[in-house]
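> I'll drop the sequence and a predicted model, then ask my questions.
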Amino acid sequence: MKKIILHACCAPCASYPIIKLKEDGFEPVVFFYNPNIFPSKEYEIRRVELEKYCKKINVEYFEGNYEIKRFYEAIKGFENEPEKGKRCSICFNLRLDKTVKFAKSKEIKYFTTTLSVSPHKNSSQIFQEGSAIAQKYGVEFLEYNFKKQDGFKISRSIAKENNMYAQSYCGCEFSQA
Ligand code: SF4
């Protein structure tokens with residue numbers, strides 16, 4: 001089976017993409033890198049929940065550091081953008097850039113992200129960032145639109161079955177409102 005790095009933002013959003021990738025003949029390796037999440041308590045809840053779930057279903061799990069300062073530096077000047085605006089493009093770019101570097105360090109040539117499972121996110125906006133980064137580093141970004149074929153609904157029902165913590169906002173402090 002071909003390994004693929006699956007950038008994951010949380011356990012509920014990772015649940016369906018893991019199944020889908022396996023169905024498609026991949027062995028997903030989960031990577032949690034989300035310096036956008038605020039506050040740190042929320043970050044920790046999402047991180048722990050995902051790590052626990054990966055252990056439960058026997059999927060390899062790795063994580064990056066909580067570099068919240070990097071997030072604030074990157075989105076400076078775009079704090080008041082609406083969701084799906086420029087701030088979100090920068091946020092996707094930051095997270096996927098780190099994911100590619102991780103994929104390269106593991107010599108894994110494919111990567112994708114759970115971010116597209118959310119109906120609140122524009123998949124083309126995610127794909128644009130993923131593809132640009134893939135080209136820069138010579139790694140392949142697979143444009144999975146995980147919200148298709150009831151992906152979001154399935155992920156929520158797996159979350160419910162597993163008593164997972166499910167957040168009510170995207171992640172950054174600006175999305176809390
Ligand atoms: S709303 Fe979500 S995607 Fe957009 S900047 Fe905030 S955390 Fe990132």
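Nice, thanks for sending it over. Numbering: from 1, shown residues only.
> CA atoms for contacts and neighbours, from now on please.
Noted.
> Which residue of the protein lies farthest from its centroid?
Note on the chain: the largest separation between a C-alpha and the mean C-alpha position, by Cα atoms, centre = their mean, falls on Gly77 (23.6 Å).
> Next, work out how far apart that residue and Phe92 are.
Taken as Cα to Cα, to the nearest Å, the spacing of Gly77 relative to Phe92 amounts to 16 Å.
> got a list of what the closest residue to Tyr66 other than its chain neighbours touches?
Nearest non-adjacent residue to Tyr66, counting by Cα to Cα, 6 or more residues apart in numbering: Pro35, 5.1 Å away. Taking Cα atoms under 8 Å, 6 or more residues apart in numbering, we find Pro35 in contact with 65-71, 95.
> can you do 7 Å?
For Pro35, the set of contacting residues under the criterion of Cα atoms under 7 Å, 6 or more residues apart in numbering consists of 66-68, 71.
> which ones among these are found in helices?
Judged by DSSP state H, the contacts of Pro35 include 68, 71 as members of helices.
> Give the ChimeraX command for selecting the buried subset of the contacts of Pro35.
Of these, the buried ones go into a single ChimeraX selection, burial set by 16 or more other Cα atoms under 10 Å:
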select :66,68,71
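> re earlier: phi, psi for the residue nearest to Tyr66 please.
With angles defined as degrees, to the nearest 10, Pro35 sits at phi -70, psi -10.
> so what's it scoring on pLDDT?
Per-residue confidence (pLDDT) for Pro35: 98.
> Is any residue of the helix ranked longest in the chain near the ligand?
Counting by DSSP H, the longest helix found in the chain is helix 86-105. Yes - residues of helix 86-105 contacting the ligand under Cα under 6 Å from any ligand atom: 87-88, 91.
> Pick the one among those residues closest to Ser131.
Distance ranking of those against Ser131, using Cα to Cα, places Cys91 first at 14.7 Å.
> neighbours around the closest one, how many?
The burial metric for Cys91, expressed as a neighbour count using other Cα atoms under 10 Å, is 21.
> Kindly report the same for the one 4 residues further on.
By other Cα under 10 Å, 23 other residues sit near Arg95.
> same check, this time on the one 4 residues further on
The local packing of Thr99 (other Cα under 10 Å) involves 27 other residues.
> And the one 4 residues further on, by the same measure?
Neighbour count of Ala103, defined by other Cα under 10 Å: 22.
> ditto for the one 3 residues further on
Other residues within reach of Lys106, judged by other Cα under 10 Å, total 11.
> what does this protein put close to the ligand?
Neighbours of the ligand within the chain, by Cα under 6 Å from any ligand atom: 36, 83, 87-88, 91, 170-172, 175.
> Please report how far the residue of the chain found nearest the ligand lies from Gln128.
When scored by Cα to the nearest ligand atom, the chain has Cys88 as its residue closest to the ligand, at 3.6 Å. Noted for Cys88: a distance of 12 Å to Gln128, by Cα to Cα.
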